[in-house]
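**Student:** okay, predicted coordinates and the sequence, questions at the end:
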Amino acid sequence: QVQLVESGGGLVQAGGSLRLSCAASGRTFSIYSMGWFRQAPGKEREFVAAISWSGGSTYYADSVKGRFTISRDNAKNTVYLQMNSLKPEDTGVYYCAAAKNPWSAVPRVMADFGSWGQGTQVTVSS
């Protein structure tokens, strides 16, 4: 099992930027694909972005494509989500997740992830 701890959330005005970090511990980070999800009040958790174990492949939800960038630093056991041009509809709790299986292709649905962080709040004001 891997432990995931998110940080970097906060309150920002529309058009601003935030960078979320997710620190992993407990197993070999570099062989697991990683992802970010978010959950707005009263809504289901939704996929935001994912990155392969090597960092060579990424995938984004259409709603964030061109504004968000996912990256990872395997030497630091950390995955990042750079969020630019934030909109009020980006508000929610952002969760980091690790794939269930090592060396997997870029996962895109919740069922492909086996470990989750506790979440970090992102609030975008208009």
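**Tutor:** Received it, and whenever you're ready, just let me know what you need.
**Student:** the spatially most central residue of the chain: which element?
**Tutor:** Taking CA atoms, centre = their mean, the centroid of the chain lies closest to Trp36, which sits 2.2 Å from it. Taking DSSP states H and E as the criterion, Trp36 maps to strand 34-39.
**Student:** which strands and helices sit next to that strand?
**Tutor:** For strand 34-39, the elements it packs on are strand 18-25, strand 46-51, strand 68-73, strand 78-83, strand 92-99, judged by 3 or more CB pairs under 8 Å, 6 or more residues apart in numbering; DSSP states H and E. Just so you know, the C-beta spots here come from the backbone N, C-alpha and C atoms, and that holds for glycine as well.
**Student:** try 6 Å
**Tutor:** If contacts are counted by 3 or more CB pairs under 6 Å, 6 or more residues apart in numbering; DSSP states H and E, strand 34-39 sits against strand 46-51, strand 92-99.
**Student:** list the contacts of it.
**Tutor:** 45, 47-51, 79, 81, 92-95, 97-98, 107 (CB atoms under 6 Å, 6 or more residues apart in numbering).
**Student:** try 8 Å
**Tutor:** The contact list for strand 34-39, computed with CB atoms under 8 Å, 6 or more residues apart in numbering, reads 20, 22, 24, 45-51, 53, 70, 72, 79, 81, 90, 92-99, 107-108, 110, 113, 119, 122.
**Student:** now a ChimeraX select for only the buried ones of those.
**Tutor:** Only the buried entries of these go into this ChimeraX selection, using 16 or more other CB atoms under 10 Å:
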select :20,22,24,45,47,48,49,50,51,53,70,72,79,81,90,92,93,94,95,96,97,98,99,107,108,113,119,122
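**Student:** okay if I get the helices and strands packed on strand 34-39 as a markdown table plus distance to Gly15?
**Tutor:** As requested, these are exported to a markdown table (distance: least, CB to CB, whole Å):
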| stretch | distance to Gly15 |
| --- | --- |
| strand 46-51 | 19 |
| strand 92-99 | 18 |
